[in-house]
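Student: fold the following, please.
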Amino acid sequence: SFTPIFDSGASLTMPGAQNDAKGQGPEQGQEQERDSEAARLSGCSMTTVTPSSSIDADGPTDRTLEADTALNQLIADITTAVRELNPAQRSVLLGGLRATLEELVRQRGEGGSNGGGEGGGDGGGAGVLDSHAPGMSKSIILASYSPAEVVHRFASIPRTELRMLAEPEKHDFIAAVGFVDVSGFTKLSEKLASEHGRAGAEMLNLYVNAYFAKLIDGINRYAGDVIKFAGDALQVIWRNRPDEGAQDSKATLMLRAAACCLYLLRHLNGFTPAEGVSLTLHMGVGVGTMSEFYVGGCAGKWEYFVAGEPIEQMSEAAEEATSGELVISAPSLAAYYEEDGAAQARYELRGRKLESGQFLLESIVDRGGLVPAFQTPMRQGVALDSLVKGSLLDGMRESLKERGQDLEPFLRCFVPKLVEERLDAGQSGAALHEHRKLISVFMKVLGLGPKPCDVMSLEIAQQATLAVQNAIGRYGGTITRLLTDDKGTRFLIAFGDRKS
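Tutor: Down below sits the predicted model:
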C-alpha cells in the first residue's frame, strides 16, 4: 500500500565524515546548533559534511568529496535548503535523507544490489521487519504494497499447500472499519510549488511519506490493517480471524479502533510542516459484518478489496466529524451498549451523542482505574494498554524470515508490473518514486448491491475486474486502486507511466 521512508527509531552517522569547526564565527555556530536541533527532531544522528571530508565508499581506497564537483554542489544545496527551513520542515527533510543514506550504507555492506533485488529496501514494516535477513528485502517491499491480510493469507498456509489463486474468492468477517482523513496537503503542495518550483514536488513527497509513516505506525500499534489509500485518507480495519482463537466482540473491536484513532489525534493532529500550513485529522468508525474479495487474475494480477454496510457507517460518521474529532456510528454505539456487557462494564465512553444518533468521542476511561483515561489532545491522558494489540506485521516477522522467498511469487500478484520491474532492476526506496504527468480515470461499477458500499455478487465483481484488466492492458494503463466506499465500488486507473 505504501512504502514509508521515515523511521524515527533509527540513526545514521555518515562514515568518515568529520566536523570542520575551524574558523567558525558566532553565526556559523548558531547555524550548526539549528542543524543539530533539526537532526534531533528528525530522529537522526547528524554529522556535518565539509568539502575536506572523505567517505570510504568502495573499501580501502579513499575518495574525497573535493574530487567530485557535483557532490560538492549537492552538499552545498542541501545545506542551504536545510538552513532555510523551519524545524518541522527540517525534521521531515533530514529524515528522508537519512533513510536514503541508510539504504546506501546497507547495500554497500551487502555488496550492493545484484539485479535480483537482494539489496532491497524498507517496506511498510520499516522498524518492524528485519530487512537485513537474506532473501527478505524483496518480500518486505512487495508486502508493503498490500494489506497485511493479503500477506497473512499466504503466510498462514503450509509451504507444501501453497497454490496460486485460480478462482476469485469472497470471505465474510466481523470488523470495525475506520476512515482516517488528512486535511492540509493541498495547501502544502501549493505553498511548496510557489516557493520551491519543481523541487517542491520532491519536498512534498518527503512530507507525505513521513506523515503517513507515522500514521501507519500508530495503526500497527492497535493491530489495524491499512486496506486502501484514498487520496489523503486511509481505510483501516480491525478484525477477527478464525486462526486467532478467542474472538473479540463487536464492542471490543470498536473500542480498539476508537482507541487507535484517539491515539493518532493526540500525537499527529495539528502538525505544522510549513509556516501557515497545518495537517489536521478527522475520523469516523463503523462496525459489523464485512466481506473481502480477491478478484481479477488477468496476466497473473489480482485485486483485493473489502465491502459492506460498516463502510457506510464509517463514512457517515466521518462526515459529522470536524477537524480534530472522532465520531463513532450509531450501530457502533449500540454494539457497545447492547451486545457486550463486559466491555461496557470495563470501559466508559466520554463525549456527547449527536442529533443523528452518532457519538462524538472525546475519551475512553478504564472503569477499573488500572489505566488512566485515553483522551483527545484537549485533555491529558495515555493509551489504554488493555486495548493495544500487537502489530500484524510484527506477528508475521518469523514467517517472512523463514519463507520470504517462497511467498515472493504470491505477493507479486498484488503489485503493479512497473513496481516489479524496478525491484528486479535493483531499485528500491526513493528510487521507486517518480514525478510524471498522468491521466487519471475513475470508473464506477454499477449493479453490485442495493447500497453503494455493498458487493453482493462475487461473479459480477470478477467479470468487471477482468474486463478492466483486459482493456487497460491493451491501452497501456495501470490499476492503481480498487476501492469500495460510500460512493460505490470504483477503479482508479492511470495512463502515462513510462510504458504508455
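Student: what is the helix or strand containing A258 packed up against?
Tutor: Assessed by DSSP states H and E, A258 sits inside helix 250-268. Applying 3 or more CB pairs under 8 Å, 6 or more residues apart in numbering; DSSP states H and E, one finds that helix 250-268 contacts strand 169-183, helix 199-221, strand 233-239, strand 277-296, strand 326-328, helix 341-346, strand 359-366, strand 374-375. For every residue, glycine as well, the C-beta is placed using N, CA and C.
Student: list the buried residues for the longest one?
Tutor: When neighbours are counted by 16 or more other CB atoms under 10 Å, the buried residues of helix 199-221 are found to be 200, 203-221.
Student: got the angle between that helix and strand 233-239?
Tutor: Interaxial angle of helix 199-221 relative to strand 233-239 (axes from the mean of the first three to the mean of the last three CA atoms, to 10 degrees): 10 degrees.
Student: circling back: render the CA-only coordinates of the helix holding A258 in PDB, please.
Tutor: C-alpha atoms of helix 250-268 as PDB (Å, rounded to 0.1, in the frame of the first residue of the first chain):
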ATOM      1  CA  LYS A 250     -18.000  -6.000  18.000                       C
ATOM      2  CA  ALA A 251     -17.800  -3.700  21.000                       C
ATOM      3  CA  THR A 252     -14.200  -4.600  21.700                       C
ATOM      4  CA  LEU A 253     -13.200  -4.200  18.000                       C
ATOM      5  CA  MET A 254     -14.900  -0.800  18.000                       C
ATOM      6  CA  LEU A 255     -13.100   0.200  21.200                       C
ATOM      7  CA  ARG A 256      -9.800  -0.800  19.800                       C
ATOM      8  CA  ALA A 257     -10.500   1.200  16.600                       C
ATOM      9  CA  ALA A 258     -11.600   4.200  18.600                       C
ATOM     10  CA  ALA A 259      -8.500   4.000  21.000                       C
ATOM     11  CA  CYS A 260      -6.300   3.900  17.900                       C
ATOM     12  CA  CYS A 261      -8.000   6.900  16.400                       C
ATOM     13  CA  LEU A 262      -7.700   8.900  19.600                       C
ATOM     14  CA  TYR A 263      -4.000   8.000  19.800                       C
ATOM     15  CA  LEU A 264      -3.500   9.400  16.300                       C
ATOM     16  CA  LEU A 265      -5.400  12.500  17.200                       C
ATOM     17  CA  ARG A 266      -3.300  13.000  20.300                       C
ATOM     18  CA  HIS A 267       0.100  12.600  18.500                       C
ATOM     19  CA  LEU A 268      -0.400  13.700  14.900                       C
END
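Student: just the pLDDT for G341.
Tutor: Per-residue confidence (pLDDT) for G341: 74.
Student: oh, I was asking about G284
Tutor: G284 is assigned a pLDDT of 98 by the prediction.
Student: which residues touch it?
Tutor: Applying CB atoms under 8 Å, 6 or more residues apart in numbering to G284 gives the contacts 178-179, 313-321, 326-329.
Student: isn't F305 right up against S291?
Tutor: No. Assessed by CB atoms under 8 Å, F305 is found out of contact with S291, at 9.4 Å.
Student: follow-up on the earlier one: name the nearest of the contacts of G284 relative to K417.
Tutor: Nearest to K417 out of the contacts of G284 is F179 (CB to CB; 29.8 Å).
Student: list the contacts for the closest one?
Tutor: F179 touches A233, L234, Q235, V236, M283, G284, V285, M314, S315, A317, A318, counting by CB under 8 Å, 6+ apart.
Student: tell me what it is bridged to.
Tutor: On the basis of DSSP bridges, F179 is bridged to Q235, G284.
Student: what distance do you get for it to M254?
Tutor: Applying CB to CB, to the nearest Å, the value for F179 to M254 is 14 Å.
Student: so what sits against both of those two?
Tutor: Counting by CB under 8 Å, 6+ apart, the contacts common to F179 and M254 are V285.
Student: list the helices and strands the strand or helix carrying K138 packs on?
Tutor: Applying DSSP H and E as the criterion places K138 in helix 137-144. Helix 137-144 sits against helix 397-411, helix 417-424, with contacts defined as 3+ CB pairs under 8 Å, 6+ apart.
Student: now the angle from the first one to helix 417-424?
Tutor: Meaning helix 397-411. Using the same axes, to 10 degrees: helix 397-411 against helix 417-424 is 120 degrees.
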